[in-house]
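Novice: fold the stuff below for me.
(2 chains)
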Amino acid sequence: MPARPRRTLLAAAAALALAGCAGTSAAEQPPPGAGPVTGGTIVYGHQQEPACVFGGWIEQAYLSTQVLDALTSLDEDGRVVPWLARSWEQSPDGLSWTFHLREGVRFTDGTALTAAVVAHNIEHWVEGGNSTAKVWLDGYYDSATAVDDLTLRIHLGKPYPRLAENLAQGYSGIQSQQALQTRTAEENCEAPIGSGAFVVDHWDRGEEIVLRRNEDYTSPPANARHTGPAYVERIRWRFVPDGTTRVASLRAGETDAIYDVPAVDYADLGRDGYTELKHVTAGRPQQLSFNTQRGPFTDERVRKAFAAGLDRRALVETIGRGVIPYEGNGAVSRSTPGYSREAAEAHSFDLDTANRLLDEAGWTGRDEDGTRTRGGERLSVLLPYNSGTIINADGASILQGVQQQAKATGFDVRLVPVPPSGFFAGEYSRPDERDIAVGYWTSVTAGILWVNWRPGTEDWPNGNNAAFYDDPALGELIDRANQTADPAAQEALYRQAQELIADRALSIGLFDRLSTLAVSPSLQGVWQENAQGGPVFYDARFVR
Amino acid sequence: MTTLLLEPAPEARAVRTRRPRPWGVWLAGLAALGFGVAAAAPGLLDTTDPLALHLDRALQAPGPGHWFGTDEAGRDLFSRVVHGARPSLAIGVGASLVSLSLAVVLGTLAALGGRVVAPVVDRVVEVLFSFPSLLLALLLVALLGPSAATAAVAVGVGTAPGYARMVRAQVLSARGSAYVEAAVALGHSPGRILRRHVLPNALRPLVAVMALSIGQSIVWASSLSFLGLGVAPPSSEWGALLEAGRPYVAHAWWLTVVPGLVVVVLALATTTLGKHLQAVLERSAS
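Specialist: Model (predicted):
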């Protein structure tokens, strides 16, 4: 019996020694005189494996973008540029959009891209095929029809002037109608048929998805750097959940590119010659939403006290090691058009204010741990978080810092790491199950405010309203912003909404969500799409 | 003649037990004492808050002021290791108790359960035995949700089948012994024979096994925490510390090496003490 632990311990010691040796060393550079070549297989280490290639989650958007083309794309300045749609225009009343599609595009099952196919896709999304597209379009979208073979008309119930930007998100890839209608849901889940630069070859669950080049590819977005098929033959999209292991695999040459570089490794990889790409995703940053329906945070003073008791900037800058940006705004991140700096600066670190507010709110007692009490009730709050997907290791460290800082003003924050399976199954989603929700939601415009703050009704509780804050006035303000065509006027309204959210301390920001990539020097031309920062391998090639 | 000479005389046995103990046992005892103090009264060894943030001192290597270094939020690792002794030992001892209690019940039933109960218990133990201990523990954590209590129960149940086998063998050998035959011949009731003769003799070796098992249980529990299935962060339980330090393994070796070494030292100490105890008990029994 005792031999077993001893062997385990020896193995652990050996593993530690090896990990120590993995250390840091300069990346192997391509030999002198090397040039770009066509062909080869990119091995890419990604953090999270989704259930399907297509769907409403960012991990699915990243994969979908490889396989499916969308109507529009975003350039580096966030301007919307053509992809499957050559051009588009809105009617003067803003209630109908006309998209002119590219000619001669074929899906990889041989069927042609037509306006009817796109209309079918959009109907498919709102009928349950894509939860994220649905929450965006819901309340605005009315119907989609084909005017002719290559002219699509989208009819809206209310104007939505940023529709073209919205359709650039990776959730909006267009699939073959024939595939959607004739294949099983499982087939379309595992290997959707698009017109994209790559095709799903096969999926080894838990291991990798292998994508192979679409040899007949003709439809890159306007912001791509070349035309025709991709340079590389295959992509092995490997799932490596642990950040340290991803970095080690890149250093060992087992992967050519990795996603989500841990903050502590970021500077070293750059110094050692790896190419690093960083995209601050627009939309909701990593933030804390307070439960405004039940528990201590129904009192605005308690929410404000919690915010004032945290030195969020110091926490994020230390643990984020200068890589992860601090974000004070709980509504949208700094890279979102119409971002309000005023909302970001609304709650500064001030222990006196925090303590005064809690005293005013009646939380004047203290128990033996130093937790505040009121009439025998402890100021104990529950903060569950999706561990490993929404919150990575750096994020978990920051949350522990929040817990510790909040202790100083008398909050007992109970952190509960929830495995992704439980989280996506709806654990901790009801008002009686949590006091603080943490998480992000990427988008390309401040229109995300509608998704996150749209008031729920009895028949339709808005599950995405993490603060459970059903305020018709706030909803109306965001709705008005969404409908405003003039960008300056629209941004002013979005700012007003952010400031209202900050003013009532419904949600406070923590840090901006990053999409980071580290790429080996022997692989060039990888870029990040500008909607969510996912990797684009279409223009990538090896240098040998 | 020769066999008679080899039989140790009572005097010789007494001399042997009084022999000075090897230095390893003393060291192990000292280490166990240190761990005991850290668990019972961590304040004696360290007066700081193990979770206090010092954002200006993040990721400092071991040195004066921070003997074991600091983590990414400037928390003092020495303080965390000291305060981690209580949850770690609680899980270790708790798991051992669960494991040995289960083992005694299952083992005794398997040995004495007769034609109906014994085969059933035997099969149950065999089924449990066919799972690797960690897998069985993982299954329980999945069912009960991660927490310190779950970790103790999971590790306890996971390691119980092995001990149950041992108890069964011991009970069987005690039952077949001459003194039990004598007790039966004297007409003692089965309950009394079990209580007075079989169990005390069968369970004596378990005292030593218990000590061995504590170290092993802590290693198992640390593995669970390392997988994120034990005690939730920011607990200072040693497995949780190892897991928390893992992202920094290439940059701040102390965050994994120090808690890892502490687990090693504790496991070595309890193993050494357990073996020593076993030797002493065997000698006193022979």
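
Novice: how much space between B:Leu27 and A:Leu517?
Specialist: From B:Leu27 over to A:Leu517 the distance is 51 Å, taken as C-beta to C-beta, to the nearest Å. To be clear about C-beta, it is placed using only N, CA and C from the backbone, and glycine gets the same treatment.

Novice: so between the two, which is more surrounded?
Specialist: A:Leu517 (22 against 14; other C-beta atoms under 10 Å in any protein chain shown).

Novice: for the stretch 1-150 of chain B, what are the low-confidence residue spans?
Specialist: Low-confidence segments of the stretch 1-150 of chain B (pLDDT under 70): B:1-21.

Novice: let's see it at 90
Specialist: B:1-24, B:46-48, B:65, B:92, B:112-115, B:124-125, B:127-150 (pLDDT under 90).

Novice: find the closest residue to chain A in it.
Specialist: Proximity of the stretch 1-150 of chain B to chain A (C-beta to the nearest C-beta) peaks at B:Leu55, 4.3 Å away.

Novice: contacts only, for that residue.
Specialist: When contacts are counted by C-beta atoms under 8 Å, 6 or more residues apart in numbering or on different chains, B:Leu55 is found next to A:311, A:314-315, A:318, A:401, B:73-74.

Novice: mind checking which of the residues you listed are in strands?
Specialist: Residues of these located in strands (DSSP state E): none.

Novice: could these go into CSV alongside distance to A:Gly170 and neighbour count?
Specialist: Shown next, in CSV, are the contacts of B:Leu55 (distance: C-beta to C-beta, whole Å; neighbours: other C-beta atoms under 10 Å in any protein chain shown):
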residue, distance to A:Gly170, neighbour count
A:Asp311, 35, 20
A:Ala314, 34, 16
A:Leu315, 31, 25
A:Thr318, 33, 23
A:Gly401, 32, 27
B:Ala73, 34, 24
B:Gly74, 38, 19
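
Novice: state the pair within the residues you listed that is farthest apart.
Specialist: Farthest pair in the contacts of B:Leu55 (C-beta to C-beta) is A:Asp311 and B:Gly74. Separation: 12.6 Å.

Novice: thinking A:Pro337 is in contact with A:Glu491, fair?
Specialist: Yes. If you go by C-beta atoms under 8 Å, A:Pro337 and A:Glu491 touch, sitting 6.2 Å apart.

Novice: anything in contact with each of those two?
Specialist: Counting by C-beta under 8 Å, 6+ apart, the shared contacts of A:Pro337 and A:Glu491 are A:Ala446.

Novice: for A:His202, helix, strand, or coil?
Specialist: Look at A:His202: counting by DSSP: H, G, I helix; E, B strand; the rest coil, its state is strand.

Novice: max-length helix in chain B?
Specialist: Secondary structure of chain B read by DSSP state H shows that its longest helix is helix B:77-112.

Novice: find the centremost residue of the chain, please.
Specialist: The chain I'm using is chain A. Most central in chain A under C-alpha atoms, centre = their mean is A:Thr442, positioned 4.2 Å from the mean C-alpha point.

Novice: um, chain B though
Specialist: Geometric middle of chain B (C-alpha atoms, centre = their mean) lands on B:Ile214, at 1.1 Å.

Novice: beyond the helix or strand containing it, next helix or strand please.
Specialist: Assigned by DSSP states H and E, B:Ile214 belongs to helix B:199-226. Using DSSP H and E, the helix or strand that directly follows helix B:199-226 along the chain is helix B:238-245.

Novice: is A:Arg213 in contact with A:Asp201, as I believe?
Specialist: No. In this structure, A:Arg213 is not within contact of A:Asp201 by C-beta under 8 Å, at 9.8 Å.

Novice: so for the two, which sits in the more crowded spot?
Specialist: Remark: of A:Arg213 and A:Asp201, A:Arg213 carries more neighbours, 21 against 14, as counted by other C-beta under 10 Å.

Novice: from chain B, how far off is that one?
Specialist: 35 Å (C-beta to the nearest C-beta, to the nearest Å).

Novice: repeat for A:Ser172
Specialist: Note on A:Ser172: its distance to chain B, by C-beta to the nearest C-beta, is 34 Å.

Novice: residues contacting the closest residue in space to that residue that isn't next to it in sequence?
Specialist: Spatial nearest neighbour of A:Ser172, chain neighbours left out: A:Ala70 (4.7 Å); criterion: C-beta to C-beta, 6 or more residues apart in numbering or on different chains. Taking C-beta under 8 Å, 6+ apart, we find A:Ala70 in contact with A:83-84, A:167-170, A:172-174, A:221.

Novice: next, the residue of the stretch 1-150 of chain B closest to chain A: phi, psi?
Specialist: Reported as degrees, to the nearest 10, the phi and psi values for B:Leu55 are phi -60, psi -20.

Novice: list the contacts for the residue nearest to the centre of chain A?
Specialist: A:58, A:169, A:281-284, A:448, A:513, A:531-532.

Novice: for A:Ile478, same thing?
Specialist: When contacts are counted by C-beta under 8 Å, 6+ apart, A:Ile478 touches A:449-450, A:453-454, A:493-494, A:497.

Novice: what touches both of A:Arg213 and A:Asp201?
Specialist: Residues touching both A:Arg213 and A:Asp201 by C-beta under 8 Å, 6+ apart: A:Arg234.

Novice: re the thing from before, the helix holding B:Ile214 close to chain A?
Specialist: Yes. Using C-beta under 8 Å from any C-beta of the partner chain, helix B:199-226 comes into contact with chain A via B:209, B:212, B:215-216, B:219, B:223.

Novice: next, the angle from that helix to helix B:238-245.
Specialist: Per axes from the mean of the first three to the mean of the last three C-alpha atoms, to 10 degrees, the angle that helix B:199-226 makes with helix B:238-245 is 20 degrees.

Novice: show me what helix B:199-226 is packed up against.
Specialist: The contact analysis (3 or more C-beta pairs under 8 Å, 6 or more residues apart in numbering or on different chains; DSSP states H and E) places helix B:199-226 against helix A:3-22, helix B:77-112, helix B:133-144, helix B:148-175, helix B:238-245, helix B:254-285.
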